[in-house]
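Peer 1: Sequence first, then the predicted structure, then my questions.
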Amino acid sequence: MKTLFIKQHIKTGLKYFGKTKRDVQKYHGSGLYWKNHLKQHGNDVLTIWSKTFDDHTECREFALAFSEIFD
């Protein structure tokens, strides 16, 4: 089971789109730019959207389409 999510930093408004197998509420993300942003501004983040998938192919297709639409 995989979860796609969008996190938003409370103070700066920066958003991060990611994927995890972990608990999405506890997981902050692992992107290099995002992690550096959190180091600089703190771990004050909200999960503003999430969607869980059982099927890997469906998750991948959704993520690619989502990324394409929202750049």
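Peer 2: Here it is on my side, so go on.
Peer 1: what residues does the longest helix seen in the chain touch?
Peer 2: For the chain, the longest helix by residue count, based on DSSP state H, is helix 56-70. With CB atoms under 8 Å, 6 or more residues apart in numbering as the test, helix 56-70 has contacts from 2, 4, 17, 19, 51, 53. Placement of C-beta: from N, CA and C, glycine included.
Peer 1: And those, which of them are buried?
Peer 2: Using 16 or more other CB atoms under 10 Å as the burial test, the contacts of helix 56-70 include 2, 4, 17, 19, 53 as buried.
Peer 1: Could you look up the SS state of the fourth one?
Peer 2: Think Lys19. The three-state label given to Lys19 by DSSP: H, G, I helix; E, B strand; the rest coil is strand.
Peer 1: which residues sit in contact with it?
Peer 2: Contacts here follow CB under 8 Å, 6+ apart; on that basis Lys19 touches 2-5, 59, 63.
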